[in-house]
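J.: No letters, just coordinates:
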C-alpha cells in the first residue's frame, strides 16, 4: 500500500536540510535570529509589521497570505522552511497579490476609451498628487519651466545613517548604512536623479519644460543629458545589474541577516529523487535587477539607478547604501557611447509610461507593483531590445494593462518578454541569467551552489527534468487513485472466484 501512496503523491517532498556550511563573515540565517527572538513577547508581530512596509530592493509584496505563511513558519518553529521562504511557484504567488484581473480606468474615462488614454489636459490637483507620490522630482515642479545648471557641485544634503536605519529593539536594526565608496557622491547623485526624473516628465502632456545645462550644452530629455555629459568630457557607463534581493534588510547584534525570497523553479534537482518519490525542486532566490549609471568627469561625479520598485515608483534613484555581502552583484551587460544613450532613452520612455499608468489607474493596489511588473520586467524588456535575449525571472506584468497608444514602443517591449504570472516553467537560461554571479562557488546561501551546479550540469547535457506542476500533481494523484481502486477490484474479484 505504501508503494501506491507514494505513486499518487501522498508522500510529501523530501525535506530540505540546510547543510552545515560556513556562512559569510558577520552573517547569520533568518532562522538563527528567530530561534533566539521568537519567544520575545511582541517581536514576531513587530518584525512582520516592518516587512509589510516593504523595502528598497524587496523581491515581492509581503501580502497577507505571505505574512500568514511567515508567521506560521516562525510560530511553528519550522526553521528549515523559514530559510527557504516561501518556496512557492509563481502560480501560487500570483493569487496572493490580489491582482485585479480587469484593467482599471480613471473614474472620468468615457466608455470605450482605452484604459491608459488621457481624459483631460493635465495637470489637475488629483493628478499632481499622484505624480508626487510616484515620481521623485526633488525641488523641481511639473508646472514650472526652468534651467538647471550642473556646472557647480550640488548643495543637497549628504547621506546620514540615522535616516537609513530603524532600531527595533532586542538587538535588531532594519536598514543598510551608507556605502563608504558611493556615499560621498550622494549630494550630486541625488541631484542628478531628480533632474533625470524631471527631464523624463517633460514628455507628459501639459508639463512645463525643464532644461538641464552642463558645460554650455543643454538637454530637455534624459538621453540628451547623457549625451551632453559625454560631449563635455564625462565618461558614462550604464550597467545592467543583478543582485540577490534582500526582502528584509535586517541586522541582528551587528550581524547581517540573510533573507532571500525563494521561488520554486519547477526544475528537478538531479540526484534528489528518493525511492518511489519525486526529486526535490530547485528553489531559487528572486533577484533584483536595475540599470545603473556611473558618471565621472569634470563637472559631475555621480551614480544613479533606475527600476520599478515595490514602492510603485519607476524612477531614477540613488544607490549609495551598503548591500549585505550575500546579495553579491553582477553586471550582465555594460553599455557605453551610443548604446548608453539608447538605454537611457528607453528608460525615459518607461518612466513616462509608468506615469501614464499611475494617472490612468490611481487606485491600482500597491502602486501597480506586480500587475504592472516588478523590477525585472522593465530591465528584461530593455535587455531584449538591446541584445535580442531576455534573461531575467520572474516577470509579472499583466498584458491587459499595456494599452495606452502614447506608450506603444515600450508596451510592445513589455509584451515581447515571457510572463510568469500563471506558473509556466521558466527556461533555464532565465534562471541562470538572473543570478548575481556566474561562478556558483561565490554563492554563500547554504546549499544553493550545489543545487545550481547539479541543475546546470543537467541542463548542459540535456537531462534536465521538470517537477510536476499542481495540475500535473493532481492528475497523477487521480490516475494513481484510479489505479489503486482498480487493483483493489481485481484482488476482490480473484478472491470471489476462488470462493
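T.: Sure thing, it's come through. Since we're looking at a predicted model, the values are computed, not measured.

J.: Using the three-state scheme, assign residue 158.
T.: coil (DSSP: H, G, I helix; E, B strand; the rest coil).

J.: Return the residues in contact with it.
T.: 183, 184, 186, 187 (CB atoms under 8 Å, 6 or more residues apart in numbering). Where you see a C-beta, it was placed from the backbone N, CA and C, and this is true even at glycine.

J.: The last one: neighbour count?
T.: In other words, residue 187. If you count neighbours by other CB atoms under 10 Å, residue 187 ends up with 18.

J.: Read off the pLDDT value for it.
T.: Reported pLDDT at residue 187 in the predicted model: 98.

J.: now swap in residue 131 and tell me
T.: Residue 131 is given a pLDDT of 92.

J.: got it, and residue 117?
T.: So residue 117 comes in at 50 (pLDDT).

J.: cool, the one 10 residues further on as well?
T.: Confidence at residue 127, expressed as pLDDT, is 84.

J.: any idea which helix or strand carries residue 334?
T.: Using DSSP states H and E, residue 334 maps to strand 330-336.

J.: Could you list the paired strands of that strand along with their orientation?
T.: Sheet pairing of strand 330-336 (DSSP bridges) gives strand 235-244 (antiparallel).

J.: pLDDT (mean, whole number) over the helix or strand that comes right after the strand it pairs with?
T.: Per DSSP H and E, the first helix or strand lying C-terminal to strand 235-244 is strand 250-252. Throughout strand 250-252, pLDDT has a mean value of 95.

J.: what's the distance between strand 250-252 and the middle of its chain?
T.: Put simply, strand 250-252 sits 21 Å off its chain's centre (CA atoms, centre = their mean, to the nearest Å).

J.: same deal with stretch 81-99?
T.: For stretch 81-99, the distance to the chain centre is 13 Å (CA atoms, centre = their mean).

J.: Ok, stretch 340-347 next?
T.: 21 Å.

J.: who's in contact with it?
T.: By CB under 8 Å, 6+ apart, the list of residues contacting stretch 340-347 reads 221-223, 226-227, 230, 236-238, 291, 293, 306, 316, 335, 378, 382, 385-386, 410, 413.

J.: who wins for most neighbours among the contacts of residue 158?
T.: Most surrounded of the contacts of residue 158: other CB under 10 Å gives residue 186, at 23 neighbours.

J.: which residues does that one contact?
T.: By CB under 8 Å, 6+ apart, the neighbours of residue 186 are 156, 158, 159, 178, 318, 320.

J.: Help me confirm that it is found in a strand?
T.: No - with three-state DSSP as the criterion, residue 186 is helix rather than part of a strand.

J.: For it, give its distance to residue 341.
T.: 25 Å (CB to CB, to the nearest Å).

J.: try residue 303
T.: 18 Å.

J.: measure stretch 300-314 end to end?
T.: For stretch 300-314, the first-to-last residue distance is 23 Å (CA to CA, to the nearest Å).

J.: Residue 295: which element?
T.: strand 287-296.

J.: Would you mind identifying the next helix or strand past that strand?
T.: Next along from strand 287-296, by DSSP H and E: strand 302-308.

J.: and the angle from that following strand to strand 235-244?
T.: Strand 302-308 runs at 50 degrees relative to strand 235-244, counting by axes from the mean of the first three to the mean of the last three CA atoms, to 10 degrees.

J.: Identify the residues contacting strand 302-308?
T.: Outside strand 302-308, the residues that touch it by CB under 8 Å, 6+ apart are 182, 185, 188-189, 191-193, 196, 241, 288-295, 314-320, 347, 350-351, 354, 369, 372-375, 377-379.

J.: Please repeat the previous calculation with a cut-off of 7 Å.
T.: By CB atoms under 7 Å, 6 or more residues apart in numbering, the residues outside strand 302-308 that reach it are 182, 185, 188-189, 192-193, 196, 289-295, 314-320, 347, 354, 373-375, 377-379.

J.: now stretch 312-319
T.: 134-136, 182, 186, 189-190, 193, 196-197, 292, 303-306, 308, 350-351, 354, 366-369, 378.

J.: just to revisit the earlier point, how about a markdown table for the contacts of residue 158, with distance to residue 393 added?
T.: Output for the contacts of residue 158, formatted as a markdown table (distance: CB to CB, whole Å):
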| residue | distance to residue 393 |
| --- | --- |
| 183 | 32 |
| 184 | 35 |
| 186 | 32 |
| 187 | 36 |
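
J.: and which of those is nearest to residue 453?
T.: Residue 453 has its nearest neighbour among the contacts of residue 158 in residue 183, at 36.5 Å by CB to CB.

J.: what residue ranges in the protein score low on pLDDT?
T.: The chain contains residues with pLDDT under 70 at 1-22, 52-61, 98-124, 275-276, 469-499.

J.: Near the closest residue to residue 320 other than its chain neighbours, how many other residues are there?
T.: Nearest residue to residue 320, sequence neighbours excluded (CB to CB, 6 or more residues apart in numbering): residue 182, at 3.8 Å. Other residues near residue 182 number 18, with proximity taken as other CB under 10 Å.

J.: swap in residue 270?
T.: With other CB under 10 Å as criterion, residue 270 counts 19.

J.: before we move on, what about residue 161?
T.: Counted with other CB under 10 Å, residue 161 comes out at 13.

J.: Please apply the same query to the one 3 residues further on.
T.: Residue 164: 19 surrounding residues under other CB under 10 Å.

J.: Show me what counts as buried in stretch 452-468.
T.: 452, 454, 455, 458, 459, 464, 467, 468 (16 or more other CB atoms under 10 Å).
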